[in-house]
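Asks: Sequence plus predicted model, see below.
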Amino acid sequence: MDLKAILFDVDGTISETEEAHRAAFNETFRAEGLDWHWDRDIYRRLLSVAGGRERIRFFLDTERPHLPGPKKDAPDDWIARLHQDKTRRFGDKVSGGALTLRSGVERLIREARDDGLRLAIATTTSRVNVDTLLASSMARDAAGSFEVFATGECSQNKKPDPGVYLWALDQLALPPEACIAIEDSVNGLHAAQGAGIPTVIATCPYTDGDDFTGAVAVVDRLGEPDRPFRIINGDARNKTWVDVELLRHWHSPNAGDA
């Protein structure tokens, strides 16, 4: 089946947002009077848990199981409040121009749109985070190219559950064989695979070196003519940046797994 749509993850894929997320978490913890500090090693481990509230819950359960007061008596409410404050702090960073798009993202979006491909977002982050990021880092015509926004509000379960991808496919009214996903993480790969969507991985600093078995290709970035990608797995067909032609090749059933 011909390629008809590209589904983009957001955090780590469209923009390397994880350091801004980590800083927002740590600022929130300090404001709450907690002695928590998520360094890069801790945060890399926590990224195996999809969703900000879920990461706080996991850390609380595994590293701080004996906190007193409301943290113990009503942990869901407390976690929700913590995460709301963290989301506000993250949004302030994004609005202030702290984040930029990853190499090749805006170019590929324009090329895909000009080629007649449909575009969608498939992420477990919140819609407000997505809107803020796109508005602050992408030209209006490129940001407006996305037809479907499958975000954390669209599925009860986070990646690696395929819920957001299944929701996006339903909104697009397309079968998975007509789509390709671009992800940066193992959870994202498994979510897209669970929905039956061929997946390209563009690794980020927190996922470089992970096992991406089953991806149709793995690169370190989408790349630009003056900033080529490093092909990790897959057939680059002598190309040095990801364009629509290369995505069509990787989407083809006979392109092989990475």
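Replies: Nice, thanks for sending it over.
Asks: dump the residue contacts of residue 232.
Replies: 203, 212, 218, 219, 220, 258 (C-beta atoms under 8 Å, 6 or more residues apart in numbering). Backbone N, C-alpha and C define where each C-beta goes, glycine included.
Asks: try residue 129
Replies: By C-beta under 8 Å, 6+ apart, the residues touching residue 129 are 10, 87, 90, 91, 94.
Asks: Can you tell me the element the nearest residue to residue 243 once chain neighbours are set aside falls in?
Replies: Once flanking residues are discounted, residue 243 sits nearest to residue 111: 6.0 Å by C-beta to C-beta, 6 or more residues apart in numbering. Taking DSSP states H and E as the criterion, the element that holds residue 111 is helix 105-114.
Asks: What residues of that helix count as buried?
Replies: 105, 106, 107, 108, 109, 111, 112, 113 (16 or more other C-beta atoms under 10 Å).
Asks: Work out for me the element the nearest residue to residue 103 once chain neighbours are set aside sits within.
Replies: The shortest distance from residue 103 to any non-neighbouring residue, by C-beta to C-beta, 6+ apart, is to residue 221 (4.5 Å). Under DSSP H and E, no helix or strand contains residue 221.
Asks: now the strands for the stretch 1-150 of the chain?
Replies: 5-8, 118-122, 148-150 (DSSP state E, counting those that start in this stretch).
Asks: Check the stretch 151-258 of the chain too.
Replies: 179-183, 199-202, 217-219, 231-233.
Asks: Between those, which one is closest to residue 253.
Replies: For the strands of the stretch 151-258 of the chain, distance to residue 253 was read as C-beta to C-beta. The smallest value, 12.0 Å, belongs to strand 179-183.
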